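# Pasted the sequence and its predicted model underneath.
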Amino acid sequence: MTRVHTWIVGSGGLLGAAATREVQRRGHRVHTSTIPWSDNALAEEALLQHCTAFFDSFEDGVWNVIWAAGAGVNGTSAAQFAQENDLIRTVLARVEALTPERADNGTLFLASSAGGVYAGAPGAPHHEGTQPMPLGDYGIAKLEAESISIEFGERTGTNVVIGRFANLYGPGQNLAKPQGLISHLCRGYLMASPVSIYVPMDTLRDYLYVSDAAEMVADTLAMAATQRLSPTIKIFASGGAVTIGSILGACRTVFRRRPNVVLAASPLAALQGRDLRLHSTVWPHIDRRTHRTLPAGIASTLFATRQALAVGR
């Protein structure tokens, strides 16, 4: 049996941590990295060292690089996004230099954002053929990262898969970042603190539980290992959509009390699409699975948030 070697950049994040657990469960030899993201020069140095160490650790076999890193959110400066994309460009140049004879055995998986790239696109549900229409620097930066990765694949012959993800939620969300409504609602319930909501209650979003997303990523890598692919973009979503009001209702069921929310105004609301229903038409067999229900996912997120905050009942 061919050994699979997988380096996960961003293994401490929501998707990266879940993907790490899932590919380990499937027998991959996993390499993770602790990167000082707050210092760009140190981050670049560490990434290049880990990249070299990863490819030096084996001579043959299937390899994957999952790029699930990125600190930027809506409201992050264009300059910071440019630095993050420069890191991707630099690391992929190192990968190219290290794998001239092994490109055919490799897959690069880049985690991108469906919400970012389709924020202003009309005609939902959006699919892979929908023309991207970002509303801010976040979506523009995601498209740039996608272009960097696609050019790498076309230049080297390495498989490249761009995963445009729906709203991910579940255990492991970074509560310091101003994103992740469900995790912040759980935190607000546990800490008895209000959560501000900046978009209308009928705003539509596709919510994908993170362990379901990780299984879909692992299935994609398994498929990529058996065939040569042109750089491919795929939407990773549940295929269903809920309103913000429905999320609050599901939280009320799980919490057994009404979530403590405050309707507020923010200039960032202009960067949010009103209808982000999603429907993938690429590799539909990857999507044929039973997804965790929203109440069950909220309950799991609440349990993990309680543990993280060391808050008892």
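Yep, it's here. Numbering: from 1, shown residues only.

# Kindly state the pLDDT recorded for residue 78?
With respect to pLDDT, residue 78 scores 84.

# contacting residues around residue 181?
Under the criterion of C-beta atoms under 8 Å, 6 or more residues apart in numbering, the neighbours of residue 181 are 167, 169, 195, 197, 244, 247. C-betas here are computed from N, CA, C, even on glycine.

# which one among these gets closest to residue 117?
Nearest to residue 117 out of these is residue 167 (C-beta to C-beta; 13.5 Å).

# and that closest one, what pLDDT?
Note on residue 167: pLDDT of 95.

# Measure how buried it is and give me the count.
Here the number of neighbours of residue 167 (other C-beta atoms under 10 Å) works out to 22.

# Correct me if wrong: it contacts residue 173.
No - checked against C-beta atoms under 8 Å, the pair residue 167 and residue 173 is beyond contact range at 10.9 Å.

# related to what we said a few turns ago, so which of the contacts of residue 181 belong to strands?
Using DSSP state E, 167, 169, 195, 197 are the members of those that sit in strands.

# wait, what's in contact with residue 26?
Neighbouring residues of residue 26 by C-beta under 8 Å, 6+ apart: 4, 218, 222.

# swap in residue 42?
Contacts of residue 42 (C-beta under 8 Å, 6+ apart): residue 36.

# Kindly recompute the last result at 10 Å.
35-36 (C-beta atoms under 10 Å, 6 or more residues apart in numbering).

# ok but it is inside a helix, no?
Yes - assigned with DSSP: H, G, I helix; E, B strand; the rest coil, residue 42 falls within a helix.

# Can you check the pLDDT for it?
pLDDT recorded at residue 42 is 96.

# ditto for residue 74
Per-residue pLDDT puts residue 74 at 62.

# What residues sit buried inside whichever helix or strand residue 186 is part of?
Following DSSP states H and E, one finds residue 186 within helix 181-191. For helix 181-191, burial by neighbour count (16 or more other C-beta atoms under 10 Å) applies to 181-190.

# Any chance you could give me the helix or strand containing residue 54 in CSV, C-alpha atoms only?
Assigned by DSSP H and E, residue 54 belongs to helix 40-56. Backbone C-alpha positions of helix 40-56 (Å, rounded to 0.1, in the frame of the first residue of the first chain) are rendered in CSV as follows:
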residue,chain,number,x,y,z
ASN,A,40,5.6,37.9,8.5
ALA,A,41,9.4,37.5,8.2
LEU,A,42,9.5,34.8,10.9
ALA,A,43,6.4,33.1,9.4
GLU,A,44,8.1,32.9,6.0
GLU,A,45,11.3,31.5,7.5
ALA,A,46,9.3,28.8,9.5
LEU,A,47,7.1,27.9,6.5
LEU,A,48,10.1,27.3,4.3
GLN,A,49,11.9,25.3,6.9
HIS,A,50,8.8,23.1,7.5
CYS,A,51,8.3,22.7,3.7
THR,A,52,11.9,21.5,3.2
ALA,A,53,11.6,19.2,6.3
PHE,A,54,8.4,17.7,5.0
PHE,A,55,9.7,16.8,1.5
ASP,A,56,13.0,15.6,3.0
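
# Tell me which residues of it come out buried.
Across helix 40-56, burial judged by 16+ other C-beta under 10 Å covers 43-44, 46-47, 50-51, 54-55.

# that older thread, and which of the contacts of residue 26 is nearest residue 17?
Top of the list for closeness to residue 17, among the contacts of residue 26 and by C-beta to C-beta, is residue 218 at 13.5 Å.

# helix, strand or coil for the nearest residue to residue 162 once chain neighbours are set aside?
Sequence neighbours aside, residue 233 is the residue nearest to residue 162 in space, at 4.4 Å (criterion: C-beta to C-beta, 6 or more residues apart in numbering). Counting by three-state DSSP, the backbone at residue 233 sits in strand.

# And the strands in this structure?
Using DSSP E, strands in the chain cover 4-9, 29-32, 62-67, 106-113, 159-165, 167-169, 195-197, 204-205, 207-209, 232-236, 242-243, 261-263.

# now those in TSV, with distance to residue 76?
Output for the strands of the chain, formatted as TSV (distance: least, C-beta to C-beta, whole Å):
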stretch	distance to residue 76
strand 4-9	18
strand 29-32	24
strand 62-67	17
strand 106-113	12
strand 159-165	17
strand 167-169	18
strand 195-197	18
strand 204-205	20
strand 207-209	22
strand 232-236	22
strand 242-243	26
strand 261-263	23
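
# of the ones you listed, which approaches residue 283 most closely?
Comparing the strands of the chain by their distance to residue 283 (C-beta to C-beta), the top pick is strand 232-236, with 5.9 Å.
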